[in-house]
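# The following comprises the amino acid sequence and a computationally predicted model.
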Amino acid sequence: MKRKKRKFLEIITVVLFAIIIIIIAFFSIGLGRYVSIVIFGLGFIPLIIVYFFKIDLKKIIPDIIFGLIDNLLLIIPALIGAELFGVVGALAGAVVGNAASDGIAGLFEGSISEWLHLKGIDSKRTMLGAAMGKMSGCLLVGIFLIFSK
């Protein structure tokens with residue numbers, strides 16, 4: 001029963017953090033390009049959450065790298081689409097960019113996971129570790145938004 005309670009707590013943690021991110025980002029949009037600093041700062045909260053749940057940070061490195069590469073490659077076509085075609089272009093760019101960036105980021109994630117395994121580091125994923133690692137990486141890329149218009 002203890003395992004079920006932990007899984008439930010992990011799910012609630014991820015969902016609540018996702019809601020908090022959305023709310024903070026929504027109310028920070030008025031900062032213009034400086035919202036990127038807020039988003040970047042939010043990227044450290046998942047690492048704190050992982051620490052409190054006693055998950056080894058080494059285990060989530062592949063997930064953090066996935067999130068970093070994923071969002072870094074996603075924002076490029078989204079920004080280009082927005083510049084050329086407005087909101088619809090941004091959405092189309094984000095959808096296409098997400099598909100491409102997920103695949104490319106997955107290559108890096110898998111490669112790093114395999115490398116960690118070869119080095120004797122247990123890179124077995126947990127639900128919370130994978131979620132928080134990817135969220136952290138995705139949010140840390142937010143710092144690059146400061147360069148957008």
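Cool, got the structure.

# Going along the chain from the longest helix seen in the chain, find the next helix or strand for me.
Using DSSP state H, we find that the single longest helix of the chain is helix 61-118. Per DSSP states H and E, the first helix or strand lying C-terminal to helix 61-118 is helix 127-140.

# Who are the packing partners of that next one?
Other helices and strands packing on helix 127-140, by 3 or more CB pairs under 8 Å, 6 or more residues apart in numbering; DSSP states H and E, are helix 2-28, helix 35-42, helix 45-52, helix 61-118. (Each C-beta comes from the backbone N, C-alpha and C, glycine too.)

# Check which residues of the third one are buried.
Within helix 45-52, the residues that qualify as buried by neighbour count (16 or more other CB atoms under 10 Å) are 45, 46, 47, 49, 50.

# again, but for stretch 30-47
In stretch 30-47, counting by 16+ other CB under 10 Å, buried: 35, 36, 38, 39, 40, 42, 43, 45, 46, 47.

# Tabulate those residues (TSV), appending distance to residue 62 and pLDDT.
Listed next are the buried residues of stretch 30-47 as TSV, based on distance: CB to CB, whole Å; pLDDT from 0 to 100:
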residue	distance to residue 62	pLDDT
35	28	90
36	25	91
38	26	94
39	22	93
40	21	95
42	21	96
43	16	96
45	19	96
46	14	96
47	14	96
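
# what's the most distant pair in these?
Greatest spacing in these, by CB to CB: 35 and 47 (20.4 Å).
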